[in-house]
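Participant: With the sequence up front, the predicted model follows.
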Amino acid sequence: MKRKAIKGNSIDVDLGQLTVKQKLFCLSRALYTAYGGARGGGKTHAVRWKAAAGALRYDGIRILIVRRTYPELQSNHIEPILRLVPPELASYNGTLHTMTFVNGSVIKFGHYSGNSSETEYQGQEYDWIFMDEATQFTEREFRFLGSLLRGVNKIPKRFYLTCNPGGVGHRWVKRLFINRSFITDRANPEENENPNDYSFIPATVEDNTYLMEASPAYVQMLSSLPENIRRAHRYGDWDALAGTYFPEFNAARHVIKPFQIPAHWMRYRAFDYGLDMLACLWFAQDESGRTYMYRELKLPNRIVSDAAKMILSYTLSDERIGITFAPPDMWNRQKDSGKTMAELFMTSGVPIVRADSNRVQGWLQVKEALALRQDGRPALLFFSTCTETVRDLEAILADDSNPNDCATEPHEVTHTVDALRYYCVSRTVRTDGAAEKPKNRDDELDDYDAFMTGDEVMRGYLEY
């Protein structure tokens, strides 16, 4: 391509060739365009080509290319783009990580290491944003960066993403671009997701003819990967890596149609609480020890008194809840009042018991509960009305640094799963089909007293 850089002179710029799929990506007019699926589809080159071409075409355009870390940007984008664009047309500031073109265009190479990075981008405006490896980002981060897509010029605003299955962003990328499941029933119509805004260009290594010619062994390498990773990276299968921490969970097997729970079954609650989210789950256990999760509550931004009121309002008047299990940090004393959140829940009418804090042992108990019993059915079943918990179980991933633990990101999928862990680690979910010996009410209360007081009567507890 040619671009007039100085009056009377033009400079040849060779940005390289594009495959058919890369051309579709570059020609897309959707507000949000995602490209990829399988590895080797030419995602990175498509981003470099589109960004450089846009900077040369539109005088004064502001472009952001973002990845998790600067080293990734340096090797994948900064150095290659500097080789593509002649120095007569653009200069690079390594301190600001900014490439400035003679026509006033700017490409900013930005890292995004988490929520703490938001302050670095406050008030900034961009015409085009490229989120490379989008499944490494949470939906919250995607939406925040999307809020920077603004400006008073006439340059069309675009958000481009590249992606492969897996990672903390697997769930939201799959929802928006693969399943095309959009939220359209918000009270404010302006907040609804418009299906016309989202476009996905799928690509596999076969679509990248240049890579196939240059590195034919790459296909063999992808084909030799373990089955689920091969399905994801070789063929772009978005179901292959979903819910990788709980492969035992299968909605067809674990989710059942709701039924009337017998009044004599023991019932329990377990919740996870923070100012960002309250997640409370209701459980019933039959005579054989099988557990049924039959209700859920997931609400954001609730102080303790409001959280307690919501838990009570979701509990029917004729329900006899044996124990409510709560996270251990409820017993941490607040610096301002000297009280614990456990006390606040109790004075608000929700008596609670401290759940075990061991995460790894708790996850093992959840896995045991999801396993099949001798009768061929799982020890833990979910009513189909518990949609949030089911979705979160399918989405939560293993921690990269500790495969025995769940990842804490994306944070929004951890709350219901943590509440489930508190129940499973605190109650015996029988996997052998044998009935657990029922406790009488006095035994339950004795256990409760021991949990709450540490076998020692405290003044605050007596006042309650």
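Facilitator: On my side now, so go ahead.
Participant: so where is this structure shaky, pLDDT-wise?
Facilitator: 1-9, 242-244, 335-337, 428-464 (pLDDT under 70).
Participant: Enumerate the positions of the lengthiest helix in it that are buried.
Facilitator: For the chain, the longest helix by residue count, based on DSSP state H, is helix 43-57. By neighbour count on 16 or more other Cβ atoms under 10 Å, the buried set for helix 43-57 is 43-56. C-beta: built from backbone N, CA, C; applies to glycine.
Participant: now stretch 344-356
Facilitator: Buried residues in stretch 344-356 (16+ other Cβ under 10 Å): 344-346, 348, 350, 352-355.
Participant: which ones among these are found in helices?
Facilitator: Per DSSP H, the buried residues of stretch 344-356 map to helices at 344-346.
Participant: possible to save those residues as a markdown table with distance to residue 368?
Facilitator: A markdown table is the format used below for those (distance: Cβ to Cβ, whole Å):
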| residue | distance to residue 368 |
| --- | --- |
| 344 | 33 |
| 345 | 28 |
| 346 | 31 |
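Participant: Just the closest of the residues you listed to residue 286, please.
Facilitator: residue 345 (28.0 Å; Cβ to Cβ).
Participant: Out of the buried residues of stretch 344-356, name the two that are farthest from one another.
Facilitator: Applying Cβ to Cβ across the buried residues of stretch 344-356, the maximum distance is between 348 and 355, 18.6 Å.
Participant: residue contacts, the residue lying closest to residue 253 once chain neighbours are set aside?
Facilitator: In space, and not counting its chain neighbours, residue 253 is closest to residue 378: 6.5 Å by Cβ to Cβ, 6 or more residues apart in numbering. Residue 378 is in contact with 253-254, 369-372, counting by Cβ atoms under 8 Å, 6 or more residues apart in numbering.
Participant: Of those - the most surrounded one?
Facilitator: residue 369 (27 neighbours; other Cβ atoms under 10 Å).
Participant: any idea how far that one is from residue 320?
Facilitator: Using Cβ to Cβ, to the nearest Å, residue 369 is found at 22 Å from residue 320.
Participant: Repeat that for residue 58.
Facilitator: Relative to residue 320, and taking Cβ to Cβ, residue 58 is found at 67 Å.
Participant: These two: who's more crowded?
Facilitator: In this view residue 58 and residue 320 are compared by other Cβ under 10 Å, and residue 58 has more residues nearby, 20 against 12.
Participant: residues touching that one, list them.
Facilitator: Applying Cβ under 8 Å, 6+ apart, the residues near residue 58 are 105, 127, 155.
Participant: let's see 10 Å
Facilitator: Taking Cβ atoms under 10 Å, 6 or more residues apart in numbering, we find residue 58 in contact with 101, 103-105, 127-128, 153-156.
Participant: filter those residues to the buried ones?
Facilitator: 101, 103, 105, 127-128, 155.
Participant: can you name the two of those that are farthest apart?
Facilitator: Greatest spacing in the buried ones among the contacts of residue 58, by Cβ to Cβ: 103 and 128 (15.1 Å).
Participant: tell me, how many neighbours does residue 142 end up with?
Facilitator: Neighbours around residue 142, by other Cβ under 10 Å: 19.
Participant: quick one: contacts of the particular helix or strand that has it in it?
Facilitator: Assigned by DSSP states H and E, residue 142 belongs to helix 139-146. Residues outside helix 139-146 that contact it (Cβ under 10 Å, 6+ apart): 31-32, 64, 66, 68, 110, 112, 114-115, 117-118, 121-122, 124, 126, 129, 131, 134, 137-138, 157, 159, 161, 168-169, 171-173, 175-176, 409-412.
Participant: Which ones among the buried ones among the contacts of residue 58 lie within strands?
Facilitator: Secondary structure from DSSP state E places 101, 128 of these in strands.
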